[in-house]
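Asks: please work out how this folds:
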Amino acid sequence: MTTIITQFRLALSFLTTLPAGSFSAEVPEEVLGKTQAWFPLVGLLLGLILFISTCFFQFFLSPAICAALVLLLHFFITGGFHLDGVADTADGLMSGKAEREKIFSIMKDSYLGSMGATALTLLILLKYSALTTIISDAPLALVIFPVLGRYTIVQLTFSSTYARAEGGLGAIFTNHCSPRELLSAAIISLASGLLFAGFMGLLSCVAIILYAVIIRYAAQRRLGGVTGDILGYACESGEALVLIILATTI
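Replies: Numbers count the residues shown, from 1 in each chain. Purely as a prediction, here's the structure:
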């Protein structure tokens, strides 16, 4: 039990700005890699915070303003951790450069290109539009989009290799995702989907699994595997996909 609590705290510290306590020693890569079993649980905590905040906002504000505040709160709690991956992935893969090393170079560059800026803008617009509908009709369902977004990461790290030969942060997770981590993450995600969104939650789970397969195939074909930026893109775009599904089916 102590190990599980420690892993959850590490996952919370890695994925959010929420207080998770201090750690007395440097965390081994294998230990950090195994924390991804609890990534969806961190997403569930985030989703519950967003839902409770939405219930409060609705007393005073319109659904449109509530949706904007939910996105703002989401940004502050996560520190916008995965948004950089969205921008870098768009800049690299939409640069028109066929050479893999050139794509890697663009993705590592801290400069925000036009493709990255466009991708971020469209992503936020999609999330905002979907959240406006969900908050109006079924606010409880918004609990699951952070859960399934983070499950997308685990699905990818389990099934993919790391693309860069020199390694990177993402390699910690692709190298240390066993069936145990995948199963734990899948159970949490499926249970959350069914509990908070019923059949639509189940449909969202299936969609996320298929979406992860598509991302893996595209990344493997273009880059030879995934990178940390690809994982960040998968999380954010996975969240958007779940929101769109919920908004069109509730």
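Asks: any regions of the protein where pLDDT drops low?
Replies: Within the chain, the stretches with pLDDT under 70 are 1-2, 22-25, 96-98.
Asks: ok, then the element right after the lengthiest helix in it?
Replies: Across the chain, the longest stretch assigned as helix under DSSP state H is helix 179-223. Where DSSP states H and E defines the elements, the next helix or strand beyond helix 179-223 is helix 228-249.
Asks: just checking, what packs against that next one?
Replies: If you count contacts as 3 or more Cβ pairs under 8 Å, 6 or more residues apart in numbering; DSSP states H and E, helix 228-249 packs onto helix 83-93, helix 114-137, helix 144-159, helix 169-174, helix 179-223. Heads up, the C-betas are built off the backbone N, CA and C, glycines and all.
Asks: closest one to G238 among the ones you listed?
Replies: Proximity to G238 (Cβ to Cβ) singles out helix 144-159 among those, at 3.7 Å.
Asks: between the helices and strands packed on helix 228-249, which gets nearest to L243?
Replies: Shortest distance between L243 and the helices and strands packed on helix 228-249, using Cβ to Cβ, is found for helix 114-137: 3.7 Å.
Asks: what residues of the closest one count as buried?
Replies: 115-116, 119-120, 123-124, 126-127, 129-136 (16 or more other Cβ atoms under 10 Å).
Asks: same question for stretch 62-69.
Replies: P63, C66, A67, A68, L69.
Asks: that older thread, make CSV out of the helices and strands packed on helix 228-249 and add distance to T16.
Replies: Formatted as CSV, the helices and strands packed on helix 228-249 follow (distance: least, Cβ to Cβ, whole Å):
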stretch, distance to T16
helix 83-93, 14
helix 114-137, 18
helix 144-159, 10
helix 169-174, 16
helix 179-223, 16
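Asks: which of the ones you listed sits most buried?
Replies: helix 144-159 (a mean of 27; mean count of other Cβ atoms under 10 Å).
Asks: run the angle between that one and helix 114-137 for me.
Replies: Interaxial angle, helix 144-159 versus helix 114-137 (axes from the mean of the first three to the mean of the last three Cα atoms, to 10 degrees): 130 degrees.
Asks: centre of the chain to helix 144-159, how far?
Replies: Centroid separation for helix 144-159 versus its chain: 6 Å, with Cα atoms, centre = their mean, to the nearest Å.
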